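> only the shape, not the letters, is given here:
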């Protein structure tokens, strides 16, 4: 993170946490949202020489709220900010050298000096998950997966890799590719996950790519479904790339095991009751009459005249949309603290909150 | 299951008898071949044999170095598991013994240094009065799991303070260890004590489970069960002492029907492997309970009248599924269709931390002559006869597990697993 660090630390007025967060996310494709959020908060602390506990917590609280407000989908990052905040509070309350009797600066120094360590640990946890998850990919099996999850990619990669374990697993992958980014008619970028597909093919794993509409058709040939997640919520369900929910439903209907791989820092204290209960606004279902369409077109032309980016208005379907997969569809969560049942998630969360 | 009872048929009894006299390596070989030949096959017999063997192994091991003990137990454990990978209780007992050694080693280390943290968390561990040692061993979560950095904080924690992380409530270690150990106490003796507790637990587990019977069996209920599991029988007998109910007993042909018939009619089973306490037990009918013996094929037809299904099991897996005698899944499935609650009774020792990656590999196949005798030569020549001994029952077909710790939902079993086994031992 040295590059990002140096860019940000130039004395350019007040510290902008949103910009920092976005910059961090873009600078390292391997960085997850929670970790980027933690990094941003660490940098924030570096920039603000607060010396009392309540001042620091207040600052964190404010910046977190600001950050959450300015990001369209803050579920992933809130896992990171919550974790950071809770860590700080619990460390302060705990008796010991870092506790209230101890030196507040010691904690500060620890957090500030170890940001690289956090990132390294976060990446290591992927390897750990891959080690746990290897057993789920059996010889001769076919794995169905979707999205661009880096954890899934590393799990499959490691399973296919000779070095990852006693012997390479020979398996096939069915990769569900979401509709490409940008306009459906003229895609601006290749669909998410193509990179993983290429990497797997290079390792010698036969990969079939299918559109989302072919999931039900293809599931009969799959033995197991493995997906990634953006956030794991308290009831054990997951918030993940749009399309995961339907794969979960289909897998359940066909009696195929549905596994989720996610790092434990993605656990987020959220209890959605259904698809429309997520604390984010997504205009996935957008009813329109011809009148509305015409009005939108008009608006669009004026927008192009004022040379603003009209993409968001034009695209009917936001590529970053997420859906919620309820826990009863999930067979198990493969995390860096072991293979958990969905109900174990709340316990991990309770451990840090109470 | 030796059917003729010559004084020293190879089995649990003879194994335990010779364990004291034989040199340790002979005993290990002995148990391995017993497991391989399936001369020991009930879950509890396997568990008891393993626990006794490990006790001898540790007492023969003249070292108090924890890592050497762990290594030794691991190597013996690996051989035992390799001998009979489907007998998961063997692995469970080995893992629990490993956990014991690790605990003792950590306690020891705590005793050596640390006055800094100990005052706050790890001290209030006086044994409660009136606790028998058995009770402690059961209710004791392996203390260090709680202090183990499984917490989500492991990401942020200080590199050298990892073992004493926040998020571990002070109540997490009621380990009930005797206080006042000297820094250089004998780990071996403590571990042997622990193994004795495990052996005690194995002896008393059925009675403990049976203590919950009255909560689950009510007057005039119709209970369906399967196989001649002693855990289930004791459970029913306990309720029969107070209440009147009806038992429908599926006979579990062809692997267990003889034992089932014997259980129902109360004829002492000629099976010296099931330890003698059961043989003088009065059958349910002697308590005035109506017992209806049915063939397995009638289960679905009768299920609509059944109030509760109570099943025994071979082993329970970490995801809440279970491996039980063939025919169990049919019953569980039928119960699901009729919305009849399914209760599984099982000792905690049967609970395995292994996640079932591959269900097919869990199923053991038995003697096909039980399905079609070899005297029916014409038929045997022409067809392929299979006799699976076990069924895998997925977690969603089970409503409740009753263990010696109480009743648990299948989704809660992960918690009991993490209380009883150390993470580092799950795949040793």
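The structure has been received and is ready for your questions. As the structure is a computational prediction, the values presented were derived from the model and not from experiment.
> center of chain A - which residue?
residue A:230 (2.9 Å; C-alpha atoms, centre = their mean).
> which element is the nearest residue to that residue once chain neighbours are set aside on?
The spatially closest residue to residue A:230, leaving aside those adjacent along the chain, is residue A:76, at 4.7 Å (C-beta to C-beta, 6 or more residues apart in numbering or on different chains). Just so you know, the C-beta spots here come from the backbone N, C-alpha and C atoms, and that holds for glycine as well. Using DSSP states H and E, residue A:76 sits in helix A:75-93.
> do residue B:291 as well
Per DSSP H and E: strand B:290-294 holds residue B:291.
> I'd like the next helix or strand past that strand.
By DSSP H and E, the next helix or strand past strand B:290-294 is helix B:299-303.
> show me what that next one is packed against.
strand B:222-226, helix B:328-337 (3 or more C-beta pairs under 8 Å, 6 or more residues apart in numbering or on different chains; DSSP states H and E).
> same thing but at 6 Å, please
Applying 3 or more C-beta pairs under 6 Å, 6 or more residues apart in numbering or on different chains; DSSP states H and E, we find helix B:299-303 packed against helix B:328-337.
> and the helix it packs on with strand B:222-226, angle?
Relative orientation of helix B:328-337 and strand B:222-226, computed by axes from the mean of the first three to the mean of the last three C-alpha atoms, to 10 degrees: 150 degrees.
> partners of the following helix or strand past helix B:328-337 in the sheet?
Once the chain leaves helix B:328-337, the next helix or strand it forms, by DSSP H and E, is strand B:342-345. Taking DSSP bridges as the criterion, strand B:342-345 forms sheet pairs with strand B:308-311 (parallel), strand B:400-403 (parallel).
> among those, which is the most enclosed?
Most buried of the strands paired with strand B:342-345 by mean neighbour count (mean count of other C-beta atoms under 10 Å in any protein chain shown) is strand B:308-311; its value is a mean of 25.
> any chance you could list what contacts that strand?
Identification of contacts with strand B:308-311 by C-beta atoms under 6 Å, 6 or more residues apart in numbering or on different chains yields B:223-226, B:232, B:328, B:335, B:340-344.
> farthest pair in these?
B:232 and B:340 (16.0 Å; C-beta to C-beta).
> these two: which has the busier surroundings?
Between residue B:232 and residue B:340, counted using other C-beta atoms under 10 Å in any protein chain shown, the more crowded position is residue B:232 (27 against 20).
> isn't that one right up against residue B:313?
No - counting by C-beta atoms under 6 Å, residue B:232 does not reach residue B:313; the two are 9.5 Å apart.
> what residues go with each domain of the chain?
Picking chain A for this. Per automatic domain parsing, the structural domains of chain A span A:2-113, A:126-278+A:320-353.
> hm, I was asking about chain B
Following automatic domain parsing, chain B resolves into domains at B:12-151+B:164-204, B:211-425.
> the last one: end-to-end distance?
Start-to-end span of domain B:211-425 (C-alpha to C-alpha, to the nearest Å) is 31 Å.
> now do the residue of the stretch 51-200 of chain A found nearest chain B against residue A:43, distance only.
At 3.9 Å from chain B, residue A:90 is the closest residue in the stretch 51-200 of chain A, using C-beta to the nearest C-beta. For residue A:90, the distance to residue A:43 equals 22 Å [C-beta to C-beta, to the nearest Å].
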